[in-house]
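Chemist: 3D model of this:
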Amino acid sequence: MKIIKEGKSQPSRDTPVRFTCKTCGCEFLAEKGEYDTYVNFKDLRTTCSTYCPNCKSWVETDRINTEGDDIMQRMG
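Modeler: Model (predicted):
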């Protein structure tokens, strides 16, 4: 396969995804397997979803909203 025009690079599927709960304000990182991923066909964006570990509300975020290993190291 030949790439005609290179697009934006996508984050690795192993990269933790950052979520912010709109109900309680909790911010947390979820590892692969702790969240579900689906394509929103309305705007063709990849969305990740999980439950807030604090209040158990349903939380969604765009796949682009990811953090790398450096934030995991800072968290301890």
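
Chemist: give me the contacts around the longest strand along the chain.
Modeler: Ranked by residue count, the top strand of the chain under DSSP state E comes out as strand 45-51. Contact with strand 45-51 is made by 17, 19, 30, 34-40, 57-64, as judged by CB atoms under 8 Å, 6 or more residues apart in numbering. Every C-beta, even on glycine, is put in place using the N, C-alpha and C of the backbone.

Chemist: look up how far K42 lies from the closest residue to E34 other than its chain neighbours.
Modeler: The spatially closest residue to E34, leaving aside those adjacent along the chain, is T50, at 6.0 Å (CB to CB, 6 or more residues apart in numbering). In this view, T50 and K42 are 20 Å apart by CB to CB, to the nearest Å.

Chemist: between those two, which is the more surrounded one?
Modeler: T50 (17 against 6; other CB atoms under 10 Å).

Chemist: the most centrally placed residue in the chain pairs with what?
Modeler: The central residue of the chain, meaning the one whose C-alpha is nearest the mean C-alpha position (CA atoms, centre = their mean), is V17 at 3.3 Å. Beta-bridge pairing of V17, defined through DSSP bridges, involves A30, T66.

Chemist: can you give me the helices for this protein?
Modeler: 69-75 (DSSP state H).

Chemist: sweet, I'm off.
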